[in-house]
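Undergrad: Structural data only, the sequence is not supplied:
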């Protein structure tokens, strides 16, 4: 990796981590919302995290940078699930909360794993 690419990747990675944390905050307060009896936040976490991983991976051509928002999302959601001494928490310990954690994490991982491999150069055509 060249020096300039590394100098660009560090601030981009920090911004992606902040974006993942902001998504976690927004989705954490959305996860108990229901539509027709089904939790909207669980589906939203999976779809949004998958889309973010795909968009970041295709824009940066890097699987590592595509993984950063998902990792920051998971860390933030886990911190929201831990109860404080006062008894406050955002993500409840019920099936909706666990489904939200699993769906968001699986969505981010699937988004990263389904990215094309950019590290290999395209095959050259044989000489004629």
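TA: All right, it came through fine. Since the model is a prediction, treat every value here as computed from it, not as a measurement. Numbers count the residues shown, from 1 in each chain.
Undergrad: Please make it C-alpha for all contacts and neighbour counts, starting now.
TA: Fine.
Undergrad: Quick check: mean pLDDT of stretch 111-128?
TA: Averaged across stretch 111-128, pLDDT comes to 70.
Undergrad: which helices and strands does whichever strand or helix holds residue 50 pack with?
TA: For residue 50, the host element (DSSP states H and E) is helix 40-60. For helix 40-60, the elements it packs on are helix 3-30, helix 63-81, helix 95-113, judged by 3 or more C-alpha pairs under 8 Å, 6 or more residues apart in numbering; DSSP states H and E.
Undergrad: contact partners of stretch 24-42?
TA: 44-45, 73-74, 76-77, 80, 90-91, 96-97, 99-100, 103-104 (C-alpha atoms under 8 Å, 6 or more residues apart in numbering).
Undergrad: With respect to residue 12, which of those residues is nearest?
TA: Ranked by distance to residue 12 (C-alpha to C-alpha), these are led by residue 73 at 16.0 Å.
Undergrad: re earlier: in ChimeraX, select just the buried ones from the contacts of stretch 24-42.
TA: Filtering the contacts of stretch 24-42 down to the buried ones (16 or more other C-alpha atoms under 10 Å) takes a single ChimeraX command:
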select :44,45,73,74,76,77,80,90,91,96,97,99,100,103,104
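Undergrad: Thank you, goodbye.
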